[in-house]
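Trainee: no FASTA, just this:
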């Protein structure tokens, strides 16, 4: 590998690491704010709107 390839590879790795760190940071802030709470069972609550079925034919 030449110098240009190494620089590009390091830049891409830095970008991926930065995005991962940002996602982790936002996730921690959401948990602190109480937005990240899940149901005890881990399932979504079924709403009446979710139960309706849609038909392509109308």
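Mentor: Yes, it's here. Because the structure is a prediction, the values reported are computed rather than measured.
Trainee: in the protein, which ranges drop under the pLDDT threshold?
Mentor: For the chain, residues meeting the criterion pLDDT under 70 lie at 36-53, 57-58.
Trainee: any idea where the helices of it begin and end?
Mentor: Taking DSSP state H, the helices of the chain run over residues 3-33, 48-51.
Trainee: just those helices: most buried one?
Mentor: Mean neighbour count, computed with mean count of other Cβ atoms under 10 Å, is highest for helix 3-33 among the helices of the chain, reaching a mean of 10. All C-beta atoms are positioned from the backbone trio N, CA, C, and that covers glycine.
Trainee: what does stretch 7-17 contact?
Mentor: residue 1 (Cβ atoms under 8 Å, 6 or more residues apart in numbering).
Trainee: any idea how far residue 34 is from residue 18?
Mentor: 27 Å (Cβ to Cβ, to the nearest Å).
Trainee: now swap in residue 28 and tell me
Mentor: Spatial separation of residue 28 from residue 34 under the definition Cβ to Cβ is 12 Å.
Trainee: likewise residue 54?
Mentor: As judged by Cβ to Cβ, residue 54 and residue 34 stand 33 Å apart.
Trainee: try residue 8
Mentor: Per Cβ to Cβ, residue 8 is found 41 Å from residue 34.
Trainee: now do residue 23
Mentor: Taking Cβ to Cβ, one finds residue 23 at 19 Å from residue 34.
Trainee: One more: residue 55?
Mentor: For residue 55, the distance to residue 34 (Cβ to Cβ) stands at 39 Å.
Trainee: what's the answer for residue 24, then?
Mentor: Taken as Cβ to Cβ, the span from residue 24 to residue 34 is 18 Å.
Trainee: Also residue 20?
Mentor: 24 Å.
Trainee: Check residue 15 too.
Mentor: As judged by Cβ to Cβ, residue 15 and residue 34 stand 31 Å apart.
Trainee: again, but for residue 3
Mentor: 49 Å.
Trainee: tally of neighbours for residue 2?
Mentor: If you count neighbours by other Cβ atoms under 10 Å, residue 2 ends up with 6.
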